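Chemist: model this:
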Amino acid sequence: MHHKRMTSRAGARAGKLRGLVARGIRVSAALMMIGGLGVVGMLVGTRGASAAGLSWSTQASYLAPAENLKAVSCSSASTCFAVGSNTVRGPALYETTDAGAAWVNDTESLPSGVSYLKGVSCTSATSCQAVGGNFSSSTNDAAGVALSYNGTSWTVETLPSGVGGLNAVSCASATSCQALGYNSDGGAVALSYDGTSWTTESLPSGVAYLNAVSCASATSCQAVGYDSSGAGAALSYNGTSWTVESLPSGVNYLEGVSCTSTTSCQAVGGNYYPSSTGGTGGTPGVALSYDGTSWTPESLPSGVGDLSAVSCASATSCQAVGGSSALSYNGTSWTVELPSGVGYLNALSCASATSCQAVGYNYSSSVALSFNGTSWAAESLPSGVDQLNGVSCTSATSCEAVGQTSADIVILSLASTAPT
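Modeler: So this is what the prediction gives:
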């Protein structure tokens, strides 16, 4: 049975699995149990020059057994899918085709044999892939599950034998996807999809766990995680095979990666300083850049803890979040950009260099931040939303976010309050 490494913040982020991938750009998604059910959040409407004139409002509430919505992917401003699991150990699937004016519970339309879903990636309204697992009552472990969507229905795809639970997927096109997870022996597994079938890809020895994958094209993907020795791991895919990339020293784990081209990627994670060995016991952040040949460490401002997600709009415009930090990258250096009062940021998505959204929580309520290319600003949210954990933006005026309340599923809308 697979056991994911837990960091010093394990108590606050128990069971964190990141699988949010939106149109080839990996964005982290993590949901935590806070006594309740899932929330589907919407960031839609007409955005002004800044956050002023925008407000969040509750559109609808649904009592439903969705305890964990883990990932969301939007193929357009109007069409999105959110996936997760429910309280009766089954999957959860929600769909909107009208930019979030209404979300439909499509869980009952799923084939049998699916216990949970953790990742989804859509390249068009008629082409999506979702991944997760199916629990075995005899072993209490999961076999991998992959579903394909053709615009009308979801179909279970046959997976190679020995594939355990899957938690992340990234599709460069309808005929080119990569999925990550673990095998029946607890080791890391990678699968490729050619539009017809899934095939197990051979991984180099020593890879223990892969957290995230980002594909710039069908022949260029990067996956990150950690290896069996406790060091960070980065792998590159050339359309045929995965290869381990050399990493600088001092990288213990990588949790997020975003590639805008075959020669431009950013990866983020952390480095342990165990107190038992004379360190601080903290986990300072790590950021690496990839030029198509090698990974190079980037200097981070002092005081930045481990980072969990990164989204790049271009080689010279990236944003990263983790803990209470939000950072901006201009192609040369990282700078801390964060308003006060933020507890923890889980995920972010950038539609352009001047439009990003980050979501998380502040211990007693959810948090949403917007970035205008210069600075981050806090967005007002309705009361009762405990936290937001994943976000996918297709444009500056259309984003979807997933999270939870303490009691039900809620749909929110971010719209302009200024006169039109």
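
Chemist: Quick check: which ranges of the chain have low pLDDT?
Modeler: Along the chain, segments meeting pLDDT under 70 span 1-68, 87-89, 137-140, 273-282, 339-341, 406-420.

Chemist: Swap in 50 and give it another go.
Modeler: For the chain, the stretches flagged by pLDDT under 50 are 1-52, 59-61, 63, 66, 274-281, 415-420.

Chemist: what about the strands in the stretch 201-350 of the chain?
Modeler: 207-217, 220-227, 232-237, 242-245, 253-261, 264-270, 285-290, 295-298, 309-314, 317-322, 325-329, 334-336, 344-352 (DSSP state E, counting those that start in this stretch).

Chemist: what angle do the third one and strand 264-270 make?
Modeler: It refers to strand 232-237. Angle of strand 232-237 versus strand 264-270, following axes from the mean of the first three to the mean of the last three CA atoms, to 10 degrees, is 150 degrees.

Chemist: could the strands of the stretch 201-350 of the chain be laid out in TSV, adding distance to C74 and mean neighbour count?
Modeler: For glycine as for every other residue, the C-beta is placed from the backbone atoms N, C-alpha and C. Below are the strands of the stretch 201-350 of the chain laid out as TSV (distance: least, CB to CB, whole Å; neighbours: other CB atoms under 10 Å):
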stretch	distance to C74	mean neighbour count
strand 207-217	16	24
strand 220-227	21	25
strand 232-237	24	24
strand 242-245	28	16
strand 253-261	16	25
strand 264-270	22	28
strand 285-290	26	22
strand 295-298	29	17
strand 309-314	14	26
strand 317-322	18	27
strand 325-329	22	23
strand 334-336	27	16
strand 344-352	9	26
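
Chemist: G113: which of those strands is closest?
Modeler: Closest to G113 of these, according to CB to CB: strand 207-217, at 24.1 Å.

Chemist: Which elements pack onto the closest one?
Modeler: Packing partners of strand 207-217 (3 or more CB pairs under 8 Å, 6 or more residues apart in numbering; DSSP states H and E): strand 25-26, strand 163-173, strand 176-183, strand 188-193, strand 220-227, strand 232-237, strand 253-261.

Chemist: Would you mind giving the ones you listed as a markdown table with distance to S153 added?
Modeler: Output for those, formatted as a markdown table (distance: least, CB to CB, whole Å):
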| stretch | distance to S153 |
| --- | --- |
| strand 25-26 | 27 |
| strand 163-173 | 18 |
| strand 176-183 | 18 |
| strand 188-193 | 18 |
| strand 220-227 | 28 |
| strand 232-237 | 30 |
| strand 253-261 | 31 |
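
Chemist: Would you mind telling me which of the ones you listed is nearest S205?
Modeler: With CB to CB as the measure, strand 220-227 is the member of those nearest S205 (9.2 Å).

Chemist: Show me what the closest one is packed against.
Modeler: By 3+ CB pairs under 8 Å, 6+ apart, strand 220-227 packs against strand 176-183, strand 207-217, strand 232-237, strand 253-261, strand 264-270.

Chemist: Brilliant, that's me finished.
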